[in-house]
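> Build the 3D model from these lines:
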Amino acid sequence: MKAALLALLLLPSVSIGAESDCLASIMYAEAQGESVEGVIAVGQSAINRSKITHHSLCRLPGVSTQLIPERLKSGYTALAKSALASKSVVGKADSWERALIPHRAGAITRRIGKHTFYVMAGL
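Numbering: from 1, shown residues only. The predicted structure is shown next:
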């Protein structure tokens, strides 16, 4: 994941701290109720989408974000930093859904908890 951190350094006008905060917000909104592995998988898929679309995690289209309650913020921030620094558990997946079969065409890479992770065709 050194490449991911390097890519984040090269993104204009957004600091690593802001990127991890934005990723934590995505993970909170999109993966509540999942295991730690599932939350990190959503984060890593968002990172993959960010790389493919060349968008900052703070401006990533097609994902939900949600304000994290203060009592949970440090936990989700730690998970976001872990997602940025660790080897991907979803391969090249750039998309996820809470369904066994994704609504959009793509190659499924993994299922974790209630989420199906896949590489979206034509992203």
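> can we go C-alpha only for contacts and neighbour counts from here?
OK.
> Strands of the chain, start to end?
In the chain, the strands defined using DSSP state E lie at 95-97, 106-112, 115-120.
> from the chain's centre, how far out does stretch 22-30 sit?
Relative to the mean C-alpha coordinate of its chain, stretch 22-30 is positioned 7 Å out (CA atoms, centre = their mean, to the nearest Å).
> What about this structure, which residue is the most distant from its middle?
What lies farthest from the middle of the chain is residue 71; by CA atoms, centre = their mean that is 21.1 Å.
> gap between that residue and residue 77?
11 Å (CA to CA, to the nearest Å).
> next one: residue 83
Taking CA to CA, one finds residue 83 at 10 Å from residue 77.
> same deal with residue 63?
For residue 63, the distance to residue 77 - CA to CA - is 17 Å.
> Looking at these two, which is more packed in?
Higher neighbour count among residue 63 and residue 77: residue 77, with 21 against 15, using other CA atoms under 10 Å.
> Confirm for me that the more buried one is in contact with residue 22.
No: judged on CA atoms under 8 Å, residue 77 makes no contact with residue 22 at a distance of 9.1 Å.
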